[in-house]
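Visitor: Structure here, sequence nowhere to be found:
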């Protein structure tokens, strides 16, 4: 009987240890799931039971991102479903915020938690390109000047080119082709467009649209300078 009681005692103690471990695990999980970010935010990185904490400023980053999106505080409140007063206090560093609420705010700002904490947000895409920024891409052909607008823009889906032709300017005696669709509008002067050996004379206001895989050529047949603007998609010229 003594042996039996001892075995039962061991079993009870084992169960008690297991229950305590389960409670600790639940508490730890709750701590992480309910982890709240304040004006000084903590990202937890667990290594062998130790916790390293890197501080980040959340309120200021939210305010910076909101302003980059040209969004008002009231607009952010409306889109995120988070109270205006709470957002205002958060941006001033006076509130803490749960992970779930922060995710709602970032969803409204068009970003994710990973991007938000991954470093500084990239600058917004450039909108205006000044004349001096256009890249000359004609290869210094005599009588031609092709200015590529936004030449360094990453991921662009189209290529906008300002084409200047001196009198007699010509893209070359041999037609060329490239993988794109192409459209253009003559701004001044008189141009001759050849596509598949068919020719058209174009003046100011005249336009064209064709598959750039077809052999084509453009030349100035007027007595003065000519100018056109063209678009290729995808960029291929």
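Guide: Done, it's in. Just so it is clear, the structure is predicted and the values come from calculations on it, not from any experiment. Numbers count the residues shown, from 1 in each chain.
Visitor: Residue 203 and residue 193 touch, don't they?
Guide: No: contact criterion CB atoms under 8 Å: residue 203 and residue 193 do not qualify, at 11.4 Å. C-beta coordinates here come from the backbone N, C-alpha and C atoms, glycine included.
Visitor: ok, the two, which is more surrounded?
Guide: residue 193 (19 against 12; other CB atoms under 10 Å).
Visitor: Quick check: the more buried one touching residue 208?
Guide: Yes: assessed by CB under 8 Å, residue 193 is found in contact with residue 208 at 5.7 Å.
Visitor: residues bridging contact with these two, i.e. touching both?
Guide: Taking CB atoms under 8 Å, 6 or more residues apart in numbering as the criterion, residue 193 and residue 208 both touch 200, 202.
Visitor: Quick one: the strands in the chain, in order.
Guide: Using DSSP state E, the strands found in the chain span residues 36-37, 40-47, 50-57, 97-98, 135-136, 144-149, 159-165, 181-188, 191-195, 198-202, 207-211, 216-220, 226-233.
Visitor: Poorly predicted segments of the chain, please.
Guide: For the chain, the stretches with pLDDT under 70 are 1-56, 95, 114, 118-123, 139-141.
Visitor: Need the strands of the chain in TSV (columns: distance to residue 91).
Guide: Formatted as TSV, the strands of the chain follow (distance: least, CB to CB, whole Å):
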stretch	distance to residue 91
strand 36-37	13
strand 40-47	13
strand 50-57	10
strand 97-98	11
strand 135-136	40
strand 144-149	37
strand 159-165	38
strand 181-188	46
strand 191-195	56
strand 198-202	56
strand 207-211	49
strand 216-220	55
strand 226-233	41
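Visitor: And these: which comes nearest residue 108?
Guide: The minimum distance between residue 108 and these falls on strand 97-98, with 13.3 Å, by CB to CB.
Visitor: Direction included, what does that closest one pair against?
Guide: When pairing is defined by DSSP bridges, strand 97-98 lines up against strand 36-37 (antiparallel).
Visitor: Does residue 209 touch residue 185 like I think?
Guide: No: counting by CB under 8 Å, residue 209 does not reach residue 185; the two are 10.0 Å apart.
Visitor: Those two: which is more packed in?
Guide: Legend: neighbour count by other CB under 10 Å for residue 209 and residue 185, higher for residue 185 (16 against 10).
Visitor: I'd like to know how far that one sits from residue 113.
Guide: When distance is defined by CB to CB, to the nearest Å, residue 185 is 46 Å away from residue 113.
Visitor: can you list the domains in the chain?
Guide: 1-33, 55-117, 131-233 (automatic domain parsing).
Visitor: And the contacts of stretch 83-91?
Guide: 39, 58-60, 62-63, 66, 73-74, 76-77, 80, 95, 97, 105.
Visitor: try stretch 132-142
Guide: With CB under 8 Å, 6+ apart as the test, stretch 132-142 has contacts from 144-149, 151-152, 161-162, 166, 169, 171-172, 237.
Visitor: Check whether residue 181 really touches residue 236, as I assumed.
Guide: No: assessed by CB under 8 Å, residue 181 is found out of contact with residue 236, at 9.6 Å.
Visitor: Now for the two: what residues contact both?
Guide: residue 212.
Visitor: can you pull up the bridge partners for residue 148?
Guide: Under the criterion used (DSSP bridges), residue 148 bridges to residue 135, residue 161.
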